[in-house]
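Novice: Below is the sequence, then the predicted model.
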Amino acid sequence: MITVFPETDRKYIYADRKDEPSLKMNTRGLRSQLKDSVPVTGLCPQAGPYGVQDSLRRGFSSVKNELLPSHPLELSEKNFQLNQDKMNFNTLRNIQGLHAPLKLQMEYRAAKQIQRLPFLPSSNLALDTLRGSDDTIGFEDILNDPIQSEMMGDPHIMTEYKLGIL
Amino acid sequence: MATVSVCQYHPGGFSFENCKRNALLEADINKLGFSSPAARKTGTTICGVVYKDGVVLGADTRATEGMVVADKNCSKIHYISPNIYCCGAGTAADTEMTTQIISSNLELHALSTGRLPRVATANRMLKQMLFRYQGYIGAALVLGGVDCTGPHLYSIYPHGSTDKLPYVTMGSGSLAAMAVFEDRYRPNMEEEEAKRLVRDAIAAGIFNDLGSGSNIDLCVITKGKVDYLRPHDVANKKGVRTGSYRYKHGTTGVLTKAVIPLNLEVVEESVQTMDTS
């Protein structure tokens, strides 16, 4: 049971049941973050492998669990690169005119297409060079490096999904 | 038949997979009366002061884990670049990783520009990173160095705000250290006077705050030279035991003694080299 207090300035969602952990989050900004960025259809689908609900890892399934992000930073981190790019393109448009971001975006799209097979990790070297992130180090290079991930998708299924013949 | 699923591409960086599970576990553990393990913090006194020729940074050396001292001699003054050093308070892992990342970024930046890095650059990089994570990275830093424009000192808070001041203190013992600074700071001090001032400020933090203790580390940065004095002063010496509980030889009387030799013969001898590759 979810109660929302409309008279307060910020919207808080509290869980009524005392034994369920209530993640008090300011959900006001969530809609703008969810709106036009990476499409999020269910942030955390309760199904584990084989399509069965995974109680051990994800807890009991509830609508609230699937809709709300599990950490206040999750959404902003998911969209961070997109938002940075948007901001930079806006600045560039204001300074140099419309042609500059258009040209750059064309080059970005071309560079994004340079990928290995869908189940292999790609280096994205051209894209990194364009963005200027080839001489910076952040947490995305140190933690959870996708090149060193222990799981790989099934090659046949991944290529079929990419080609749309699944 | 089992369903197969397509692996989504995860770009790397922080993963929030376990947050819900941790929240559930936290609630259950608290109901039973236990507490979850605490992160190692550097409940700390760190401070810095700008003097005539440069910057003096000081720090204590105690790292705590809840109510227990985890490390009696940890190093809180981190290297950022040859002319810039940074003291870190807050969660120990956060300060360590943050300063290492910024140090790497600054090195790459310096190679790209071909110049010695400036303290303002390090400050800007740190504040942008800490603001991005909205204070969840618990690192409170005192950043000091000497570059082409002179000596500079910044304090950086975990949420990403920074202050540029002639003298700063951070950490749980910051109030004690700030009291010493407010009393005795003057602009354009000499090096010995500045070192004495910082040493006294850290000592005030060590003796009046439970989260700080052990030795005092100093780092004196001038144009072209860095003196990393570790330890500069051993304020809390561990005591020496005055007595010994060992019994002297002959305390227990020997009644009988029987010696039985075990005759073993070598049957086979083989050498197996260790794989040290």
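Specialist: Perfect, thanks for sending it.
Novice: any idea of the mean pLDDT in the longest helix belonging to chain A?
Specialist: When chain A is parsed with DSSP state H, its longest helix is helix A:80-96. For helix A:80-96, mean pLDDT is 94.
Novice: just stretch B:19-28 next, same as before
Specialist: 82.
Novice: Any buried residues in that stretch, and which?
Specialist: B:C19, B:K20, B:A23, B:L24 (16 or more other CB atoms under 10 Å in any protein chain shown). No exception for glycine: its C-beta is placed from N, CA and C like everyone else's.
Novice: Double-check that the third one belongs to a helix.
Specialist: What it means is B:A23. Yes: counting by DSSP: H, G, I helix; E, B strand; the rest coil, B:A23 falls inside a helix.
Novice: how near is it to chain A?
Specialist: 4 Å (CB to the nearest CB, to the nearest Å).
Novice: Give me the below-cutoff pLDDT ranges for the chain.
Specialist: All of this is about chain A. A:1-61, A:64-66 (pLDDT under 70).
Novice: Switch to chain B, please.
Specialist: Using pLDDT under 70, chain B drops low at B:1-5, B:42.
Novice: interface residues of it facing chain A?
Specialist: Within chain B, the positions near chain A by CB under 8 Å from any CB of the partner chain are B:2-7, B:9-17, B:19-21, B:23-24, B:26-27, B:31, B:97, B:101, B:104-105, B:108-109, B:111-112, B:129, B:132-134, B:136.
Novice: Any of these buried? List them.
Specialist: B:5, B:12-14, B:16-17, B:19-20, B:23-24, B:97, B:101, B:104-105, B:109, B:129, B:132-133.
Novice: So which of those residues belong to strands?
Specialist: Using DSSP state E, no member of those sits in strands.
Novice: Could you tell me which of these belong to helices?
Specialist: B:C19, B:K20, B:A23, B:L24, B:M97, B:I101, B:S104, B:N105, B:H109, B:M129, B:R132.
Novice: Which pair of those spans the longest distance?
Specialist: B:L24 and B:H109 (42.7 Å; CB to CB).
Novice: separation between B:F34 and B:N236?
Specialist: From B:F34 over to B:N236 the distance is 32 Å, taken as CB to CB, to the nearest Å.
Novice: So for the two, which sits in the more crowded spot?
Specialist: B:N236 (17 against 9; other CB atoms under 10 Å in any protein chain shown).
Novice: which residues sit against the helix or strand hosting B:A70?
Specialist: Assigned by DSSP states H and E, B:A70 falls within strand B:68-71. Outside strand B:68-71, the residues that touch it by CB atoms under 8 Å, 6 or more residues apart in numbering or on different chains are B:R40, B:T61, B:R62, B:A63, B:T64, B:G213.
Novice: Figure out the helix or strand that B:H232 lives in.
Specialist: Going by DSSP H and E, B:H232 is in strand B:225-234.
Novice: Equivalent analysis for A:Y161, please.
Specialist: helix A:155-163.
Novice: the helices in chain B, which residues?
Specialist: Using DSSP H, helices in chain B cover B:19-32, B:92-113, B:119-132, B:174-184, B:191-208.
Novice: Present those helices as JSON lines; the columns should include distance to B:H232.
Specialist: JSON lines is the format used below for those (distance: least, CB to CB, whole Å):
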{"stretch": "helix B:19-32", "distance to B:H232": "41"}
{"stretch": "helix B:92-113", "distance to B:H232": "20"}
{"stretch": "helix B:119-132", "distance to B:H232": "22"}
{"stretch": "helix B:174-184", "distance to B:H232": "15"}
{"stretch": "helix B:191-208", "distance to B:H232": "6"}
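Novice: Nearest to A:A110 among those helices would be which one?
Specialist: Short answer: helix B:92-113, nearest of the helices of chain B by CB to CB, at 24.7 Å.
Novice: Let me see the ranges of the helices in chain A.
Specialist: Counting by DSSP H, the helices of chain A are A:30-35, A:55-58, A:63-67, A:72-78, A:80-96, A:99-112, A:125-131, A:139-142, A:155-163.
Novice: closest one to chain B among the ones you listed?
Specialist: Nearest to chain B, of all the helices of chain A, is helix A:139-142, at 3.7 Å by CB to the nearest CB.
Novice: helices or strands next to that closest one in the packing?
Specialist: helix B:92-113 (3 or more CB pairs under 8 Å, 6 or more residues apart in numbering or on different chains; DSSP states H and E).
Novice: re earlier: any residue of the longest helix of chain A touching chain B?
Specialist: Yes: counting by CB under 8 Å from any CB, chain B is contacted by helix A:80-96 at A:F80, A:Q81.
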